[in-house]
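Enquirer: Pasting the sequence and the predicted model now:
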Amino acid sequence: MKRCWLLLCLVSTNTVAGAEPIEFARDVLPILSANCFACHGPDAAERQADLRLDVEANAKADGGSGPPIVPGRPELSTIIERMTSDDPELLMPPPSSHKTLKPEQIETVRRWIAEGATWQRHWSFQPLVKPAGTLDDQVRADLTSRGLALRDSAAPHTLVRRLHLDLIGLPPTPEAADAFAADPSPAAYERMVDDLLARPQYGERWARMWLDLARYADTKGYEKDLGRTMWPYR
């Protein structure tokens, strides 16, 4: 029996050790946002106990009863103590909120703290990082991994047609296609791209795509079919 228990412990340890690291923005922030930020978030009017869990410095500071988050030490982190408490006066979220954390959610927060509680800003607020390679490099690497090779360059008339359809959604005029095909300079392609990007049709084509994604329509399509206000789409 002791051997079986030891084997089980070893398997459990290896499983955790080989698991993917917890990421704050991806794994922890949604849990805190849904269950904690209503009372411990950015809204000063609703904030309780002067505690903010949406700001790293506050979440890791000792407000008098111990730091909510102690990097690397979940057993000292009061947020874990509150999440697992049997006392309804201490349990967080409180029973009055009608919110209950699942065991796997608590384990996610616990693991994140044990791994160092690295804080990450939302991806949209993080500074841009220059890619290690170009898009072409990534395409080549993917093709190589699949045992494939790049095709030969497209013929000029084919290339100019693809450019027009991709960028402005309209085919080139015969004159534009012939002029592009007759220009052998390496800069001809870049000039054509710059010209298409500067055209109103480019903005119209891609604005149309985003309007479709936003489910835009000229009217509400319901009951009296009233017109829509335009400002949200501008």
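Expert: It's in.

Enquirer: Leaving out chain neighbours, which residue sits closest to the residue most central in space within the chain?
Expert: Centrality entry for the chain: nearest residue to the mean C-alpha point is W123, 5.9 Å, by CA atoms, centre = their mean. Residue nearest to W123 in three dimensions, not counting chain neighbours: A25, with 6.5 Å by CB to CB, 6 or more residues apart in numbering. For every residue, glycine as well, the C-beta is placed using N, CA and C.

Enquirer: Regarding the one you found, what is its secondary structure?
Expert: With DSSP: H, G, I helix; E, B strand; the rest coil as the basis, A25 sits in helix.

Enquirer: isn't it right up against F125?
Expert: No - judged on CB atoms under 8 Å, A25 makes no contact with F125 at a distance of 9.8 Å.

Enquirer: More neighbours: these two, which one.
Expert: More crowded of A25 and F125, by other CB atoms under 10 Å: A25, with 14 against 8.

Enquirer: Let me see the contact set for the residue nearest to L197 when sequence neighbours are not counted.
Expert: Nearest residue to L197, sequence neighbours excluded (CB to CB, 6+ apart): L167, at 6.6 Å. Shown in contact with L167 (CB atoms under 8 Å, 6 or more residues apart in numbering): 193, 196-197, 202, 205.

Enquirer: Okay, now the unreliable bits of the protein?
Expert: The chain contains residues with pLDDT under 70 at 1-18, 220-228, 230-234.

Enquirer: could you redo the last one with a cut-off of 90?
Expert: 1-20, 49-50, 63-65, 120-136, 138, 150-153, 184, 186, 208-234 (pLDDT under 90).

Enquirer: ok, which stretches of this protein are helices?
Expert: 2-17, 29-35, 37-40, 56-59, 78-83, 103-114, 135-145, 156-167, 174-182, 187-197, 200-213 (DSSP state H).

Enquirer: Return the most buried member of those helices.
Expert: helix 78-83 (a mean of 20; mean count of other CB atoms under 10 Å).

Enquirer: could I get that one in CSV with only the CA atoms?
Expert: Coordinates of the C-alpha atoms in helix 78-83 are reproduced here as CSV (Å, rounded to 0.1, in the frame of the first residue of the first chain):
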residue,chain,number,x,y,z
THR,A,78,-4.4,35.7,2.2
ILE,A,79,-6.3,35.5,-1.1
ILE,A,80,-5.9,31.7,-1.0
GLU,A,81,-6.8,31.7,2.7
ARG,A,82,-10.0,33.6,1.9
MET,A,83,-10.9,31.5,-1.2
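
Enquirer: wait, what's in contact with the residue nearest to V28 when sequence neighbours are not counted?
Expert: Nearest non-adjacent residue to V28, counting by CB to CB, 6+ apart: W112, 4.9 Å away. By CB under 8 Å, 6+ apart, W112 lies in contact with 22, 24, 27-28.
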